[in-house]
Every structure is written in structure tokens, then in C-alpha cells.
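> Okay, structure incoming, though there's no sequence with it:
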């Protein structure tokens, strides 16, 4: 009954939102991108009718002290994704902001607020925090979908996620699904981003907390494609235009890979598409690349530099599952074995993999020789349909799965990091579309540390 009441409330708010905002000016957003100690990124998309965009922002405790920033980029196009950085903020401070389009204040049914990061180092124990992650958001679009039963399921899961407190959100790929008519042109890619981003169920979630993202095949291009995609540079630009990460790749090595830190944890969002060899290449081939040499070098150096308690390596495809015959980092033996060897030889503590893609959620645990246990937490799917193959064959009762069961329905993952210094715990929960916990599992810092 409680969830039904919450659903009714969200339906009311979403309907009210459609009337509250000016649809002749704002298509979708705002979305909160990265937030640092002294700046934050706000994303939105406007119609061609918009000629002027301003954001007014102020500290919640000093609402009379208003700062105004005017967007100076190009407007008036068919697709107008806009990113505005709010600079020179105070750390550990809550801000409110307002959006003005053509000098008209936009009205929303949810608050537009964010809090800048704090400096806790050398001052206090690491604070507790939490984040959400997941993958595979198929939004139905009848004109371009395949015939038959719609593949996308209830987008109300995003309303559920908006109700679950967390400090930020990680989108782990297949954040949209390009169709055959989308991935053949820039026009198609930008159409798909806009179509999916503007559904009302997404708005509250995207505005409520910082959003970080990487991609997998379906939001990169055609199914299972890698480095041979002829529009990969166009797709990369579209990703940059519609997401709010602080960085993308390196100046001389393009891609969506990036890193960010939160409290005592580091997050390495890898790009598993731009340099990826075709899956059908022999697994043992030295020429078979998953990240490519430069990105792998970046990851290894970043891990070596990191002082984080938990080092979360994020991958669009699953990483550790020995029984996965489909897309997996493990099938790229040179890079997979090389990364594990690097971690072992340098005694890098606290590595945990986060992955998506599979249309199930599970935790895989493996014990490599000379290693602490390695965990791969797979979160999928937001709205995509479950694949019945996972209830059959060798993966049905996977001995490497440490949670009681794989989640075979719509869900997302919440990870909460708590505990005292040297005794931190990552508590992992799978949460269903109706806000029920499917399972919970704890990973202790002491368990993934070289003795």
C-alpha cells in the first residue's frame, strides 16, 4: 500500500511537472553532473526557441547573495544540450539554483540544490556515504522498436531511485539503446539521447544528486560493436554533450574513461568500447584489446597512485565471471591477466569491480592465486527485459555467485560505505522497482587487503 501511495504521488508530480515547466523552451533537465569542492556542472537541453540561458545560484544560508552566470555557447539548433559550470563555490556548502530561459524562470516540482564536497582529510575520520549504480535503460519508442512485445519495462524505477537517499549516481552503460535508425548518423544518435532523456520519470533522479557515467555497446553504437564502429568519434561527442563528467579520456587518447574521488574511495570509469577488439577474436591473442594500451596504462598508474580504501573499477561489461560465455573483460586474456598481475605484484589493496550489461544483478567472487578475494558486483537492468537464458545451463547455479540468487527483475544497486579507519565496510544491496531489498552483502576492507 505504501508503494502504491508513493507511485500515486509521483504520477501527480510528473503530470504537474509537465504543466509547470515551459515545454516550448525546456526539453529536459536539469541534470546535476560532477560536483567538486569549488565548482559544479548543470546540464539541460532546450528547444530551438531559446536564445538566452541564465542560472542564478546562491547559498541556502545566504539567499540574498545571488550569483548569475549566462551561457555563452551556441543555441537555436535542432538539439541543444547545454552544460554550465558554476565556478568559485565554497566547499561543504549547500546551494540552490534557478534556471531562466529567455528571461523566464522555469518552475519545477522538485528542489534544485546541491552540496559541494568537503575537505575531511587530516581533520576527521572518513564520513560514511552511499551511492547508486546500475545499467541497461531501454525506453520504448514504438516507431523505431522491433515488432512484438515492448522490450522496455516500467520506467517508474527511476522514481523509486529518486526516493532512495544517496550521495551520487553512476550510470554503468547501456544508459540508452540506439536502434537501427539511430546508430547510422549523428542525427540518429542525438535523437535517441533526447528522446530517452526527456521522459518525466528521469527528471527528479537526475536533478537530485551528481551523475557520473560510462557507456557500453548500446549507447555507443550497434550491438556488441567495438573499435571498428565508423561513427565512434561522433558517438563520443554525443556522450560528452549529454553527460556531465569532469573529464573524458586524455588529450591525445580519446574516450569516455575518467576518474573521480569521493571521501576515501576512488572510482575508475573505464571505456570498454572505443579501443575494444571484436569479441570473436581468439581470447589468447596478444592483439585482442579491451581497454587498449594507453587506457590500461592510465588505469594501472591511477591504481598505483590511489590511496583509497576501496578502489572501484567500473566496466560496462562483466569482469570476473568464469562462466560468462558472452561479453566479458575476462575474454581479453592479455589485458585481464596483465591487470591482475599488476595488482598482485604491486600489492594494491581494496580493488572491487562494478559492472553492468547482463540484465541480472549478482556478485561474483573469485580467488586468484596469491591474491585476496576479488569481487565483481553486476547491476542490471533498470528497464531492459530479463534474459531467460540465465535461469538455464551452467549460470543458473553459479558457484562463484556469493549472494543467494541473481536478481532477475528490474533493479539497481546501492552501496553504503561505513566504519572506522582500517575497518571500513562496503554494504551492497540490490533494490527492486518497488523499493524492496532483494539481497544484501558486505565486503570488509580487511578481506580485500594483502596480509
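Noted; the coordinates are in hand. As the structure is a computational prediction, the values presented were derived from the model and not from experiment.
> Could you work out the end-to-end span of stretch 30-41 for me?
10 Å (C-alpha to C-alpha, to the nearest Å).
> Offset the numbering so it begins at 43, please.
Okay, residue one is now 43; in that scheme the one you just asked about reads as stretch 72-83.
> Only the buried residues of it, if you could.
Buried residues in stretch 72-83, counting neighbours by 16 or more other C-beta atoms under 10 Å, are found at 72-78, 82-83. Where C-beta positions appear, they are placed from N, C-alpha and C, glycine not excepted.
> Pretty sure residue 280 sits in a helix.
Yes - assessed by DSSP: H, G, I helix; E, B strand; the rest coil, residue 280 belongs to a helix.
> quick one, what contacts it?
Applying C-beta atoms under 8 Å, 6 or more residues apart in numbering, we find residue 280 in contact with 228, 231-232, 235.
> Could you tell me how many residues sit around the closest residue to residue 99 other than its chain neighbours?
Once flanking residues are discounted, residue 99 sits nearest to residue 139: 3.9 Å by C-beta to C-beta, 6 or more residues apart in numbering. Residues lying near residue 139 (other C-beta atoms under 10 Å) number 21.
> For residue 139, which three-state class applies?
Quick answer, by three-state DSSP: residue 139 is strand.
> For residue 153, see how far away it is.
10 Å (C-beta to C-beta, to the nearest Å).
> can you check residue 421 too?
Applying C-beta to C-beta to residue 421 and residue 153 gives a distance of 27 Å.
> and what of residue 309?
Residue 309 is 26 Å from residue 153, where distance means C-beta to C-beta.
> ok so, going back, list just the nearest of the buried residues of stretch 72-83 to residue 326.
If you rank the buried residues of stretch 72-83 by distance to residue 326 using C-beta to C-beta, residue 76 comes first, at 38.7 Å.
> OK, contacts around the closest one?
82-83, 252, 254, 286-288, 302.
> give me that answer again for 10 Å
Applying C-beta atoms under 10 Å, 6 or more residues apart in numbering, we find residue 76 in contact with 82-83, 127, 159, 210, 252-254, 285-289, 300, 302.
> again with residue 298
215, 255-257, 261-262, 277-278, 281-282, 285, 287, 289-291, 311-316, 358.
> cool, and residue 129?
Per C-beta under 10 Å, 6+ apart, neighbours of residue 129: 80-82, 109, 111.
> mind redoing it with 7 Å?
residue 81 (C-beta atoms under 7 Å, 6 or more residues apart in numbering).
> For it, give me the pLDDT.
Note on residue 129: pLDDT of 98.
> Roughly how far does it sit from residue 475?
Going from residue 129 to residue 475 by C-beta to C-beta gives 38 Å.
> where does residue 320 sit relative to residue 178, distance-wise?
22 Å.
> neighbour-wise, which of those two wins?
Each of residue 320 and residue 178 had its neighbours counted (other C-beta under 10 Å), and the higher figure belongs to residue 178 (27 against 11).
> pretty sure that one is touching residue 424, no?
Yes - using C-beta atoms under 7 Å, residue 178 is in contact with residue 424, at 5.6 Å.
> still on that earlier bit, show the buried residues in the contacts of residue 280.
Neighbour counting with 16+ other C-beta under 10 Å marks 231-232, 235 as buried within those.
> Can you flag which of these belong to helices?
Under the assignment DSSP state H, the buried ones among the contacts of residue 280 contribute 231-232, 235 to helices.
> could the residues you listed be laid out in TSV, adding distance to residue 166 and pLDDT?
Formatted as TSV, those follow (distance: C-beta to C-beta, whole Å; pLDDT from 0 to 100):
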residue	distance to residue 166	pLDDT
231	45	99
232	45	99
235	41	99
